[in-house]
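Enquirer: mind folding the following:
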Amino acid sequence: MANKNGLGIDLGTANLLVYLEQKGIIFNEPSVIAFDRESGKIVAAGKDAHNMIGKVHDKINVIKPLKNGVISDMKAAKSLLSYVLEKVENLTEKELYNTECVMCCPSEVTKIERDIMTELAVNMGISNVIIDEEIKAGALGANVDIFKSRGVMIVDIGGGTTDVGVISYGDIVLSRTIRMAGNYIDSEIVKMVKKQEKVEIGELTSERVKTELADLREIRPVIINKYAGRDIVRGVPKFVNVSSEDVAKVLIPTYEEVVKLIAAVLKDTPPELSADIFEHGILLTGGGALIKGVEEFISKRIKVPVKVVSNPLTCVAEGSKYLLKNRGDYLINPLKL
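Expert: As a prediction, the model looks like this:
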């Protein structure tokens, strides 16, 4: 690899996406890594490690390095990124030294949390790193020109956090974050099944329930699927029926909180920018934007048009290429470079 190539990293709670200049997205898999406890050797990473959740023996430790949008395990995060870069692109620490790197984070992370991301890059041998906001990268990756004198509202519903921000003239005017998103919904589904059916389902099963049954439309078909779990009274395997209506009981309160967050940001938005948002609508990104009926659900309550971008899962990583061009300088429009 030529040393001039830039690297864009969207290290999300749920998924890791890596963008490499001149090649595009080279990795898009779950942010999970598995180690052998005794030797510390990496057993699996990404999708393979994700499939191990809840299924391994004591000799294997499966770790999610991020929690609520921030790094909670530095060693695991470094191992995951280094492993991916070396395996996919044969990028060694020596080659990474002269590489420019953009790492994306939620807009309301603290300075300490940003410093941890910088430390992660330095530990990997990357000397030239920029930390920038996911909502900026997401807007650029969705081909939105945020450098105009026009207010744009982005709502990024990810795995660990939901980020709402207003952007104008190339930077964030205001933003808010709540730690309520896809992973929260998964855990609430586990609690709901346990309470209603006295059956405990695993993390992978709860993700499957959400993927197959989540629906926010007012008129939605009633779908009932069968899932396997463990009877918490008798301790034996048991099948349980879960319906789309059951999942809606979890989804609706969660997305009502997202609506409250959007309303709070709109309330503090300057009037001229509010007018722009009302005219051009709100853009949704992230995995949570893929739930059926999400546009109508939010739009009906906020009374503003809502649209899911065409690439909600990859727009942050794709937008990092523009942040590499202007190095976070709002005075330089990378779309014109």
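Enquirer: can you pull the contacts of Pro30?
Expert: 14-16, 46-47, 49-50 (C-beta atoms under 8 Å, 6 or more residues apart in numbering). In short, each C-beta sits where N, CA and C put it, glycine included.
Enquirer: what residues are up against the closest residue in space to it that isn't next to it in sequence?
Expert: Computed as C-beta to C-beta, 6 or more residues apart in numbering, the closest residue to Pro30 that is not its neighbour in sequence is His50, at 3.8 Å. Contacts for His50 (C-beta under 8 Å, 6+ apart) come out as 29-30, 32, 204.
Enquirer: most neighbours out of these, which is it?
Expert: Val32 (25 neighbours; other C-beta atoms under 10 Å).
Enquirer: separation between it and Val56?
Expert: Using C-beta to C-beta, to the nearest Å, we find Val32 at a distance of 12 Å from Val56.
Enquirer: tell me the contacts of Ile277?
Expert: Counted by C-beta under 8 Å, 6+ apart, Ile277 has contacts 151-153, 166, 266, 269, 304.
Enquirer: what strand or helix carries it?
Expert: helix 271-280 (DSSP states H and E).
Enquirer: only alpha carbons, please: show that helix as PDB.
Expert: Only the C-alpha atoms of helix 271-280 are listed here, as PDB (Å, rounded to 0.1, in the frame of the first residue of the first chain):
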ATOM      1  CA  PRO A 271     -35.200  29.900  13.500                       C
ATOM      2  CA  GLU A 272     -33.500  30.300  10.100                       C
ATOM      3  CA  LEU A 273     -32.100  26.700  10.400                       C
ATOM      4  CA  SER A 274     -35.500  25.400  11.600                       C
ATOM      5  CA  ALA A 275     -37.000  26.800   8.400                       C
ATOM      6  CA  ASP A 276     -34.400  24.900   6.300                       C
ATOM      7  CA  ILE A 277     -35.100  21.600   8.200                       C
ATOM      8  CA  PHE A 278     -38.900  22.000   7.800                       C
ATOM      9  CA  GLU A 279     -38.400  22.600   4.100                       C
ATOM     10  CA  HIS A 280     -35.900  19.900   3.300                       C
END
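Enquirer: after that helix, heading C-terminal, what element do we hit next?
Expert: Following helix 271-280 toward the C-terminus (DSSP H and E): strand 282-285.
Enquirer: on that earlier part again, need the residues touching each of Val32 and Val56.
Expert: Val62.
Enquirer: quick one on the thing from earlier: can you lay out the contacts of Ile277 as CSV showing secondary structure and neighbour count?
Expert: Listed next are the contacts of Ile277 as CSV, based on DSSP: H, G, I helix; E, B strand; the rest coil; neighbours: other C-beta atoms under 10 Å:
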residue, secondary structure, neighbour count
Gly151, coil, 22
Val152, strand, 24
Met153, strand, 29
Val166, strand, 24
Leu266, helix, 19
Thr269, coil, 19
Val304, coil, 18
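Enquirer: now Thr13. Nearest residue, chain neighbours left out?
Expert: Going by C-beta to C-beta, 6+ apart, Thr13 has Gly160 as its nearest residue, at 3.1 Å.
Enquirer: was I right to think the one you found contacts Gly69?
Expert: Yes: here Gly160 lies in contact with Gly69, judged by C-beta atoms under 8 Å, at a distance of 4.2 Å.
Enquirer: which one's more surrounded, these two?
Expert: A direct count of neighbours by other C-beta under 10 Å for Gly160 and Gly69 places Gly69 higher, at 26 against 23.
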